[in-house]
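Q: 3D model of this:
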Amino acid sequence: MIVLYAVIAIAAVLSLIIWLKVEPVIALVVGSLFLGLAGGVGLTGTLDAIAVGFGDIMAEVGLLIGFGVLVGSLLYALGALQKLVALLLRVLGTRRLPYAMSAALTTLFPSIYVDVQLVLASPLARSAAPELGRNGLPLLAGSLTSGILVGYVFVIPGLGTLSIAGLLDIPLGTMLLFGLVVGPLTAVLTTYAFKLLLATGIWNPERDEDASPALLEAERAAAEEEDADLRTPPLGVSLLPILVPLVMIAFGAIADAAGFDSPVTRFVGNAVFALFVGLLGAYLLARRSLGRERTDEAVGRGLSTTGQILLITGVGGSLGAVIGATDLADVLGDLFSAESGAPVVVTILLAWLIAALLHFAIGSISVAAIAAAGIITPILGTLDVAPVVVGLAIGAGALFALQVNSNFFWMFQSLLGITTSGALKALTLVTAMASVIALPIIIVLGFLVPA
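A: Numbering: from 1, shown residues only. Have a look, this model is predicted:
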C-alpha cells in the first residue's frame, strides 16, 4: 500500500501545482503530510520528519545557495557575462560562438540565476545572430538553452546541482569534478546536434521569429547601461569571484582523492568557505566599481531571490525525510536486486525517468530535481551505483523538455524574439536533446565510478 500512497501523494502535488496553480512549497507540504499520515508515520512523527528534513537540507546547502545567489547577483551587476561573450566573439569569430557560448555559460556562470542569465545573454545572442546566417537566431537560442540550463543541473554552484548534491549527501568537490565533465560536454554536443537538426530545415523564420515589446525594451535597457558597464572591472578581474571558489573546491577534492588532505586543505576546499571568499571578492569589487548604492541594490535582489529558493529546497528535504520515515525505501530497494551490470543501467534510467516525468508535469527544473532526489534518497544506500552518478541522472532527467508550463519558456520566447513554435524548437526540443545526450555519458560513469 505504501507505493500507492506515495503515488497518490506525488500525483496530489502535481495536481495542486499544475491545475490549481498552488505554490510548490504549499503543494510539497500537503503531499508530505498525506504520505506521512497515510504511511503510518503518525501525527507527531510526520511533523517531526518535515521539520528535521527541512533543517537537515538547510544545514547541507543553505549557506551555499545563499552565497551562490549573492555572488551571481553581484556578477550580474559587474557585467561579467556581457564582457565574456564579447570577448568570445572577437577571439573565436561567429562560427565558433555558439559552442563557446554554451560551454562558457555551463562552466562559468551557474551561480547566476537562470532568469538573469537569460536576460543578460539574449540581447547578445540577437545581435550576433545575423552574422551566422538564416539559422543564426535559433542556433544561438539553442546554445543559450543548453549553456544556461545544463549548467543549472550539473555544475557547482548551479542551484539545481546544489540541491541534488545536498539531498543525496554528495560531497560538493565530487559533484564539481564530475559535473565539469558531464556539463560542458553535454552542452557542446547538444549545440552541435541542434545545428545538424536546423540544417534539415525545421526552422521557418516567418513562422518562428517575432520581435516582441519585451525584447525591444530589454535591448533599450542594455543600450542605456552600456556606459555604466564600461566603468566595471576588466573581464579577468570580474570572473575571479567565481573562478577562485571553483579552484578552491577542486583543490580540496583533489587533495582528498590523492591522500594528502589535512585540516588546512579541508578548510581551504570547504565549499561554504570557498563561496564566501567569492562573495567577499565580488562585494569588494562591486563596492569599488559600482559604488555603495548599486552594490546594495544588487545584494538586495540576491537576498530576495534567495528566500524563495531556500524555502522550496528545504520543503523538498522535508518530503525526502517523510519518505525515509515510511517503509517505501525497503519496497523500492527490492527493485534493484538483480545481479551485476543491470542494476547500474536500471538505477540510472529510473532516476532519470522519475525526474523527467516530474519536470514535464510540473514545469520547474528545481522542483522536479528536489522531488526526485527526495524519492530516491531513502534507497540510495541499497543501490549499486555511486551517489554522484545518481545525482547526475536526476539532473539530466529534471532538464527534460522544458515547455509551456514554465515561466522561463515565456521569458525565453519574448526576450529572444521568437514565437511559441520557435520556443518549442529552440527550448523544449533542445532541453529534451540535452537530457537524452547526457544519459550515455552518465551510464558510462556509472560503470567506472565505484559505488
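
Q: Give the buried residues for stretch 93-110.
A: 94, 97-110 (16 or more other Cβ atoms under 10 Å). Every C-beta, even on glycine, is put in place using the N, C-alpha and C of the backbone.

Q: Inside helices: which ones of those residues?
A: Using DSSP state H, the subset of the buried residues of stretch 93-110 located in helices is 97-108.

Q: okay, who's weakest in the buried residues of stretch 93-110 by pLDDT?
A: On pLDDT alone, residue 94 ranks lowest of these, at 74.

Q: average model confidence for the one helix or strand residue 241 maps to?
A: Using DSSP states H and E, residue 241 falls within helix 240-258. The predicted model assigns helix 240-258 a mean pLDDT of 81.

Q: report the angle between the axes of it and helix 97-108?
A: Put simply, helix 240-258 runs at 70 degrees to helix 97-108, going by axes from the mean of the first three to the mean of the last three Cα atoms, to 10 degrees.

Q: what comes up buried for helix 240-258?
A: Applying a neighbour-count criterion of 16+ other Cβ under 10 Å, one finds 240-242, 244-246, 248-250, 252-253, 255-256 buried in helix 240-258.

Q: Convert the following helix or strand past that helix to CSV, retaining C-alpha atoms only.
A: Using DSSP H and E, the helix or strand that follows helix 240-258 in sequence is helix 263-269. This file holds the C-alpha atoms of helix 263-269, laid out as CSV (Å, rounded to 0.1, in the frame of the first residue of the first chain):
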residue,chain,number,x,y,z
PRO,A,263,42.9,20.3,8.2
VAL,A,264,44.3,23.1,6.1
THR,A,265,43.3,21.6,2.7
ARG,A,266,39.9,20.7,4.1
PHE,A,267,39.4,24.3,5.3
VAL,A,268,40.5,25.8,2.0
GLY,A,269,38.5,23.3,0.0
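
Q: The lengthiest helix in the chain - contacts with which helices or strands?
A: Secondary structure of the chain per DSSP H: the longest helix is helix 271-325. Counting contacts by 3 or more Cβ pairs under 8 Å, 6 or more residues apart in numbering; DSSP states H and E, helix 271-325 is packed against helix 24-38, helix 43-78, helix 159-168, helix 240-258, helix 365-376.

Q: which residues sit against the fourth one?
A: Same thing as helix 240-258. 71, 74-75, 108-109, 111, 156-157, 171-174, 176-177, 261-262, 265-266, 268-271, 273-275, 277-279, 281-282, 285 (Cβ atoms under 8 Å, 6 or more residues apart in numbering).

Q: Now with 6 Å, please.
A: 71, 111, 173, 176-177, 261, 265, 268-269, 271, 274-275, 278, 281-282 (Cβ atoms under 6 Å, 6 or more residues apart in numbering).

Q: Spell out for me the ChimeraX command that would select the buried members of those residues.
A: Those of the contacts of helix 240-258 that count as buried under 16+ other Cβ under 10 Å are selected in ChimeraX with:
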select :71,111,173,176,177,265,268,269,271,274,275,278,281,282
